[in-house]
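K.L.:
What would the 3D arrangement of this be:
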Amino acid sequence: VANTLFFTVIGPLLLADPAACDLDLLQRACALSIEPSSARYVLNLLAEHAATPPDVRSWATSALSGWFPLRPVWRRLFGGRGLRLLCMQNIADGQGDEMVRLVPLLHALFNDHPETRITLVTDRAYLYDHPRLELISFDEPGRIALALNEYFDGLLEFFEPHTPHLNHDTDLAAAIADYRERYAPLFDLLAATGWNRFTFDSVRINGFEWADALQLNECNGENVYDPALRLIAELGLPLRIGTQVHSESVLAHEPMLDRTWEHTSGDRSTRRPTALLNPFSDRDALKGSAPEKFDDLLLLIRALIEEHYGVVICPTGLPRGSRALVDDLRARLPEDLRQYTSIAPDPATSPSPSAAMRDTVSLVSQVDLVVTVEGWMEHAAHLNGKPCRLLLRPASGERDWQVWGRARDQDTWRFRGNPTLDVPPCPERPRRAAWLSLLNRINDPLWCDALRAIAGSPDHDIRRAALRALGRLGRSDLQPYFVALLDDPSWTIRSLAAEVLLERYPAAADGRPDRRTLEGYRAIGLVPFEGWEQVAHLESSALPAVRATLHDADPVMRREAAMILERYSRMLESPNGSGSIGATGMDGAPHEL
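P.N.:
Next up is the predicted model:
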């Protein structure tokens, strides 16, 4: 508990303002750790930060002695010279996911020596721009083949072996294995996707494995940045956090800001600082601002303008963030405020999605403040050393997905929305936590009608909490209501409905399925843990639940259900009509059905 407290609370507070760090305070904070060496990553950042007071830096540097056993090995092999590295970013993960693990490592390697050169094979060449970075696309097999015939000091391979379709090119695995056999690179790193923990499966230096010894194959800090930051520290590479800028960014930074303001009214000769506002989300409507809550967004824009910012609003090119929506939003502003706003290039009018994203990434590198919903832009702002305010919407990721090591001016913006717009409730954080806490304590039947109204919330977690509260009431007239929920688009709601029917309504009535069928629906809700094993145990009784999952709103669950049904069909078609069929659970581990 003490180590978790140090990493998640005390460490970030110290790093938010290293100039204010007091030696006595730091020593007392480190004494909280069960193992003193567990504080070494925070101490390392304080020792390297230019704003840290000299006495704090001196003590931290002294305390670090002997805590990084890999550093002497790295210096003996590579110290004092630039490296040639080949990086294969083969995993087709999210854009923010790629940034979290790869970009800090590229930054650190470039900053370590002015002659280090990296060849990067990626499907997102538009993200990157650095004079010592050579970019190769997966659409260029000839160039990839040439690279695999050169000697590199190091090979960094990002590849998912357990779920091959999550990679851009599965055929490259054999070619890279052959490369390892021929050249045996001195620095050999292998990283898979895993369960979204962004760890490193293997870190071999001069043939010796370090990943397990240094726990680089585990996420110890309860944050997605943790493994990459620890690897950089263990190697002794320069690591930047907050708004530090050591050298040129590896992210795209083409001139964009002047073009963005070009057709905007108002005098730009005395330009205000620019805030880039990204209020929309393409992947999840509840991560961004919906039109019915534009009044909240107008208050937010007004607040930025009153802080003397000019505001550039980002359209997404998709329906949830279209140029038409942005035009409507901007038209609602009074003219005296509208003159201080502009609209970023619309991806829908760009020659290609890649060009549009490159323009947006470049804007992030040039503005004075980034205000964004949770997602890739938060990571791009942090990695560019930009002040940032994170808008926490109902579906924003938890703290472990947010940037670790933020400066004081890189923080969440707990902007208060208008609660009268929440009908049914869909509050932003942190009001959302208060709603969930309330719903988890309701047991009074007088709440029945209110709970049914709250269960119409577009926020999935609030909806589920309201339904669970309804289930606790146990009213007999609610049984048909929960039977109907077995047709809900969400596997978690169907599982909850089955659980309520099994525990509160044991008698079969009002169309309630038999017990084994309901057990199948409930078992699906236990995925990715023991859920598929229970489905296997229930055999054909679980088929209704699996077929319902085939049409689920969650694409991963649809995929899992399709795989299971296909194997089940093959089993029925076998000569003896029996046998076991393998299914791959959401955690990538094989199960038997």
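K.L.:
Any idea how many residues pack against Ala275?
P.N.:
Counted with other CB atoms under 10 Å, the neighbours of Ala275 add up to 24. (Each C-beta comes from the backbone N, C-alpha and C, glycine too.)
K.L.:
what residues does the one helix or strand it maps to touch?
P.N.:
Using DSSP states H and E, the element containing Ala275 is strand 274-278. With CB atoms under 8 Å, 6 or more residues apart in numbering as the test, strand 274-278 has contacts from 257, 300-301, 304, 309-314, 344, 363-364, 366-373, 375, 377.
K.L.:
Direction included, what does it pair up with?
P.N.:
strand 310-313 (parallel), strand 369-373 (parallel) (DSSP bridges).
K.L.:
Pull out the CA atoms of stretch 444-460 and give them to me as PDB.
P.N.:
This file holds the C-alpha atoms of stretch 444-460, laid out as PDB (Å, rounded to 0.1, in the frame of the first residue of the first chain):
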ATOM      1  CA  ASP A 444     -36.000   1.700  -1.000                       C
ATOM      2  CA  PRO A 445     -38.900   0.600  -3.200                       C
ATOM      3  CA  LEU A 446     -40.000   4.200  -3.500                       C
ATOM      4  CA  TRP A 447     -37.100   4.700  -5.900                       C
ATOM      5  CA  CYS A 448     -38.500   2.200  -8.400                       C
ATOM      6  CA  ASP A 449     -39.900   4.700 -11.000                       C
ATOM      7  CA  ALA A 450     -36.900   7.000 -10.600                       C
ATOM      8  CA  LEU A 451     -34.500   4.100 -11.100                       C
ATOM      9  CA  ARG A 452     -36.300   3.000 -14.300                       C
ATOM     10  CA  ALA A 453     -35.800   6.500 -15.600                       C
ATOM     11  CA  ILE A 454     -32.200   6.700 -14.600                       C
ATOM     12  CA  ALA A 455     -31.700   3.300 -16.300                       C
ATOM     13  CA  GLY A 456     -32.200   5.200 -19.600                       C
ATOM     14  CA  SER A 457     -28.900   7.000 -19.200                       C
ATOM     15  CA  PRO A 458     -26.500   6.700 -22.100                       C
ATOM     16  CA  ASP A 459     -23.700   6.300 -19.500                       C
ATOM     17  CA  HIS A 460     -23.400   2.500 -19.400                       C
END
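K.L.:
quick thing: my sequence starts at 44, can you match it?
P.N.:
With 44 as the first residue, the last one maps to stretch 487-503.
K.L.:
Now it: buried residues?
P.N.:
Trp490, Leu494, Ile497, Ala498, Ser500, Asp502, His503 (16 or more other CB atoms under 10 Å).
K.L.:
Against Leu513, how distant is the most centrally placed residue in the chain?
P.N.:
Against the mean C-alpha coordinate of the chain, by CA atoms, centre = their mean, the closest residue is Trp444 at 5.0 Å. As judged by CB to CB, to the nearest Å, Trp444 and Leu513 stand 30 Å apart.
K.L.:
before we move on, what about Phe153?
P.N.:
If you go by CB to CB, the gap between Phe153 and Leu513 works out to 56 Å.
K.L.:
can you give me the helices for the stretch 494-636 of the chain?
P.N.:
All helices of the stretch 494-636 of the chain, identified by DSSP state H, counting those that start in this stretch, fall at 503-516, 522-527, 534-547, 558-567, 574-581, 586-592, 598-616.
K.L.:
Run the angle between the fifth one and helix 534-547 for me.
P.N.:
Yep, that's helix 574-581 we're talking about. Between helix 574-581 and helix 534-547, the angle formed by their directions is 50 degrees, by axes from the mean of the first three to the mean of the last three CA atoms, to 10 degrees.
K.L.:
Quick one: distance of helix 574-581 to the chain centre.
P.N.:
On the basis of CA atoms, centre = their mean, to the nearest Å, helix 574-581 sits 30 Å off its chain's mean C-alpha point.
K.L.:
and it, what other elements does it pack with?
P.N.:
If you count contacts as 3 or more CB pairs under 8 Å, 6 or more residues apart in numbering; DSSP states H and E, helix 574-581 packs onto helix 558-567, helix 598-616, strand 633-635.
K.L.:
And the ones you listed: which comes nearest Ala188?
P.N.:
Set against Ala188 and scored by CB to CB, the helices and strands packed on helix 574-581 come closest in helix 598-616, at 31.8 Å.
K.L.:
Flag every buried residue along the closest one.
P.N.:
When burial is assessed from 16+ other CB under 10 Å, helix 598-616 yields the following buried residues: Met600, Arg602, Glu603, Ala604, Met606, Ile607, Leu608, Arg610, Tyr611.
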